[in-house]
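Q: What follows is a predicted protein model with its sequence.
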Amino acid sequence: MPKLKTKRAAAKRFKATGTGKIKRRKAYASHILTKKSSKRKRSLRKGAILDGTNRKQVSRLLPYL
């Protein structure tokens, strides 16, 4: 069986935590920030854990994560 290739775009967006969960960045934090409240922008800075429904898809993109 040949080695599987990691999708580099996904590798840049997702990281594994120590317990094996997948960490992601929140959306809507890159531009048009003037109309968003400070509270919302602060919340967007923090990372988030990937939802279970998407875990299988991301695992296929990152076979060695």
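A: Great, that's in hand. Numbers count the residues shown, from 1 in each chain.
Q: Which of the residues in the longest helix along the chain are classified as buried?
A: Longest helix of the chain, by residue count under DSSP state H: helix 52-61. If you call a residue buried by 16 or more other Cβ atoms under 10 Å, then helix 52-61 has these buried ones: Val58, Leu61. Heads up, the C-betas are built off the backbone N, CA and C, glycines and all.
Q: just stretch 34-47 next, same as before
A: Leu44.
Q: Next, name the residue at the spatial heart of the chain.
A: With distances taken as Cα atoms, centre = their mean, Arg24 lies nearest the centre of the chain, 2.1 Å away.
Q: Just list whatever residues bridge to it.
A: In this entry, Arg24 is beta-bridged to Ala48, by DSSP bridges.
Q: Quick one, grab the pLDDT at it.
A: Listed pLDDT for Arg24 reads 95.
Q: thought it was touching Ala48?
A: Yes. If you go by Cβ atoms under 8 Å, Arg24 and Ala48 touch, sitting 5.6 Å apart.
Q: Understood, closing this out.
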